[in-house]
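Visitor: No letters, just coordinates:
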């Protein structure tokens, strides 16, 4: 677990993230071309763009899983991650699946499960959960971490309207506490004062070769 | 440290939950060892002479079996992304997985090698020496195997590449390990072979997790 001292002090107070002119290639294809964005405490940024525009790649680059080919990503705090996949082991119960995140994080498991209406499923093996319930369980992991910066890749996949509302309330509470969110989504989220960043499709850009 | 232990704990839970996968390498070890008397003939002298060698080769191959899934399952369901981002350092994640691999594969093999050894005619006083060698050997194999598994992670035909990577690296372990186990039969001192086997283990102990951590980072990138 990284301690706060591992991160640089922001020049702007309340700044959580600086992304400066980030370019990423995948193979010989240009996926992100000079993306710059900033995120302050309380912000919610929605990444939009057509399929294949590099939304997930941008999230992975911001998280540090992937190194940008040029440009810089500077984070000023811890992050919590919700990927495409739910990362739940089918054989373990919900509580066992989240045990590692609970140990690493600062928030309590019962509170997170309560907020997402999962309490009654705590001792059920993950293989018996529906896809929406699994998605909420994966989201519970984000809530456990206590990190200020949330990176969410399609958090609403498979969720019903009531669950999306619940997610919206959780995200609003997180922002009110000084957290920030970057989310990719194709459905409207119940969030106020969002900023959006549209990634252009670079599919038309000819793949080019290093000469 | 808590995260490290929690990771081992989770892996052990998974291993118990999916007992069939865990037992597969153990059954392979016992079956493979039991086939040799059928093929070589029931001569006690021959089996006693071949016994330690058979056990070492079977243990080496049995250790390889679960390696393919060691990190593969984590990569596929997205757990590896999470571990790299919020878990302990990559090398510690790799080391925890290697330790769990030894606890679920190496340790059962050690226990199973007692009846297998007796079946192959290894004498009682020679057994502790065989077990000591095997303990160090299987630990080295878990470390080397974990490193190779993380390197081929995400590569196509990773399953084919894996043994090609591990087996050459494991030859010193096999040579010194088997040599130490034969010391009782040949009435020589096992000290030199055990020293070299221990040297292999202590070389693997820091290097393999570091290399594996880099492999994991590359796989999620």
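Guide: Right, received. Where do you want to start? Everything numeric here is computed off the predicted structure, so don't read it as measured data. Residues are numbered from 1 along each chain as shown, chains lettered A, B, ... in the order given.

Visitor: OK, now which residue of chain B is nearest to chain A?
Guide: residue B:78 (3.2 Å; CB to the nearest CB). Yep, even glycine has a C-beta here, placed from its N, CA and C like the rest.

Visitor: Check what pLDDT that residue gets.
Guide: The confidence metric pLDDT takes the value 88 at residue B:78.

Visitor: now the one 5 residues further on
Guide: The model reports residue B:83 with a pLDDT of 89.

Visitor: Point out the other helices and strands that the helix or strand containing it packs with.
Guide: Taking DSSP states H and E as the definition, one finds residue B:83 inside helix B:79-86. Using 3 or more CB pairs under 8 Å, 6 or more residues apart in numbering or on different chains; DSSP states H and E as the contact definition, the elements that helix B:79-86 packs against are strand A:79-82, helix A:94-104, helix B:67-76, helix B:90-101, helix B:191-220.

Visitor: Would you point to the one among those that's packed deepest?
Guide: The highest average neighbour count among those, using mean count of other CB atoms under 10 Å in any protein chain shown, belongs to strand A:79-82 at a mean of 25.

Visitor: and stretch A:114-132, what's its mean pLDDT?
Guide: The average pLDDT for stretch A:114-132 rounds to 90.

Visitor: just so I know, which of the helices and strands packed on helix B:79-86 lies nearest residue B:129?
Guide: Distances from residue B:129 to each of the helices and strands packed on helix B:79-86 were compared using CB to CB; the minimum, 8.3 Å, belongs to helix B:191-220.

Visitor: which helices and strands does that closest one pack with?
Guide: For helix B:191-220, the contact count by 3+ CB pairs under 8 Å, 6+ apart identifies helix B:67-76, helix B:79-86, helix B:90-101, helix B:127-151, helix B:158-186 as packing neighbours.

Visitor: switch the cut-off to 6 Å
Guide: Counting contacts by 3 or more CB pairs under 6 Å, 6 or more residues apart in numbering or on different chains; DSSP states H and E, the secondary-structure elements packed against helix B:191-220 are helix B:79-86, helix B:90-101, helix B:127-151, helix B:158-186.

Visitor: Now do it and helix B:90-101, the angle between them.
Guide: Here the directions of helix B:191-220 and helix B:90-101 differ by 120 degrees (axes from the mean of the first three to the mean of the last three CA atoms, to 10 degrees).

Visitor: residues from chain A in reach of chain B?
Guide: Residues of chain A that fall close to chain B, judged by CB under 6 Å from any CB of the partner chain: A:63, A:65, A:66, A:81, A:83, A:85, A:87, A:89, A:91, A:100, A:103, A:104.

Visitor: switch to 7 Å and redo it
Guide: The interface of chain A toward chain B, taken as CB under 7 Å from any CB of the partner chain, is made up of A:1, A:63, A:65-67, A:79, A:81, A:83-87, A:89, A:91-92, A:96, A:99-100, A:103-104, A:145.

Visitor: can you give me phi and psi for the residue in chain B sticking out farthest from the centre?
Guide: Among residues of chain B, the one most distant from the C-alpha centroid is residue B:43; the distance is 29.8 Å, by CA atoms, centre = their mean. In this entry, residue B:43 is assigned phi and psi values of phi -70, psi 120 (degrees, to the nearest 10).

Visitor: For it, report the pLDDT, please.
Guide: For residue B:43, pLDDT reads 87.

Visitor: do residue A:203 as well
Guide: The score at residue A:203 is 65. That number is its pLDDT.

Visitor: same question, the one 5 residues further on
Guide: Reported pLDDT at residue A:208 in the predicted model: 52.

Visitor: thinking again about what came up before, any idea of the angle the helix holding residue B:83 forms with helix B:127-151?
Guide: 90 degrees.

Visitor: Tell me which other helices or strands whichever strand or helix holds residue B:14 touches.
Guide: Per DSSP H and E: residue B:14 is located in helix B:2-17. Contact here means 3 or more CB pairs under 7 Å, 6 or more residues apart in numbering or on different chains; DSSP states H and E; on that basis helix B:2-17 packs against helix A:94-104, helix B:90-101.

Visitor: make it 8 Å
Guide: Other elements packing on helix B:2-17 under the criterion 3+ CB pairs under 8 Å, 6+ apart are helix A:94-104, helix B:19-40, helix B:90-101.

Visitor: Please spell out which residues along it are buried.
Guide: B:3, B:4, B:6, B:7, B:8, B:9, B:10, B:11, B:13, B:14, B:15, B:17 (16 or more other CB atoms under 10 Å in any protein chain shown).

Visitor: Number of residues surrounding residue 37?
Guide: Just so you know, I chose chain A. The local packing of residue A:37 (other CB atoms under 10 Å in any protein chain shown) involves 17 other residues.

Visitor: My question was about chain B, not that one.
Guide: Residue B:37 is surrounded by 19 other residues when neighbours are defined as other CB under 10 Å.
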